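Peer 1: I would like the atomic coordinates for the input below:
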Amino acid sequence: MKRVILLLPLAVFLIGAVFLYRGLFLDPSELPSALIGKPVPAFSLPAVEGEKVLTQADLLGKPALLNVWATWCVACRVEHPVLNKLAQQGVRIYGVNYKDDNAAALKWLKEFHNPYQLNIRDEQGSLGLNLGVYGAPETFLIDSKGTIRHKFVGVIDERVWREQLAPLYQGLVDEAGQ
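Peer 2: Coordinates of the predicted model:
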């Protein structure tokens, strides 16, 4: 009995060490999402521009990127030129302005251009919470029926788009027959 009590701390340490060691090899941009294969959560929030109220029904019809962004997000500033370029190439992008001041968001879009087909104002972070957002930027690929098919955490740069997201997006476009 005494020997078991002495070995217990060693066993706990070894189990913890195995989990920590495994964590060294995980990709932080591949955070799992319980929403993969499920519809975008229901919401009713104002648009960043104008007074229109947007709902999940506004996301239906065509595959799109649902990009969570904010003016306080330094990484979003890095990502924004790539989103503008993608929008010019015909990629449909919806924005979720996350926990931000709307006046700052409008100024940002005027200064850096607006790649978003529609832009949801999520000042309280309720939609972000329902999406399981950890921070910005995060991007969800949604199909034409509004189902979340993929989640990407981090900056979308040219390489990420070309190697990871473009094939997935094109697959959704092909699937929708558009």
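Peer 1: ranges for the strands of the chain?
Peer 2: Assigned by DSSP state E, the chain shows strands spanning 44-46, 53-55, 64-69, 93-98, 118-122, 138-142, 148-153.
Peer 1: got those as CSV, with mean pLDDT and distance to Leu35 columns?
Peer 2: Backbone N, C-alpha and C define where each C-beta goes, glycine included. Converted to CSV, the strands of the chain look like this (pLDDT from 0 to 100; distance: least, CB to CB, whole Å):
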stretch, mean pLDDT, distance to Leu35
strand 44-46, 98, 17
strand 53-55, 98, 17
strand 64-69, 98, 11
strand 93-98, 98, 14
strand 118-122, 98, 16
strand 138-142, 98, 8
strand 148-153, 96, 5
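Peer 1: Take these and write them to a markdown table, including mean neighbour count and distance to Leu165.
Peer 2: Listed next are these as a markdown table, based on neighbours: other CB atoms under 10 Å; distance: least, CB to CB, whole Å:
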| stretch | mean neighbour count | distance to Leu165 |
| --- | --- | --- |
| strand 44-46 | 15 | 25 |
| strand 53-55 | 15 | 23 |
| strand 64-69 | 25 | 8 |
| strand 93-98 | 26 | 11 |
| strand 118-122 | 23 | 20 |
| strand 138-142 | 23 | 7 |
| strand 148-153 | 20 | 6 |
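Peer 1: Turn these into CSV, including distance to Leu109.
Peer 2: Shown next, in CSV, are these (distance: least, CB to CB, whole Å):
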stretch, distance to Leu109
strand 44-46, 15
strand 53-55, 16
strand 64-69, 10
strand 93-98, 9
strand 118-122, 8
strand 138-142, 17
strand 148-153, 22
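Peer 1: ok, Thr55 to Ala42 distance?
Peer 2: According to CB to CB, to the nearest Å, Thr55 and Ala42 sit 7 Å apart.
Peer 1: no, scratch that, I was asking about Pro137
Peer 2: Counting by CB to CB - Pro137 and Ala42 are separated by 23 Å.
Peer 1: List phi and psi for the residue nearest to Lys145 when sequence neighbours are not counted.
Peer 2: What sits nearest to Lys145 in space, not counting adjacent residues and going by CB to CB, 6 or more residues apart in numbering, is Leu60, at 6.5 Å. The phi/psi pair for Leu60 (degrees, to the nearest 10) reads phi -90, psi 160.
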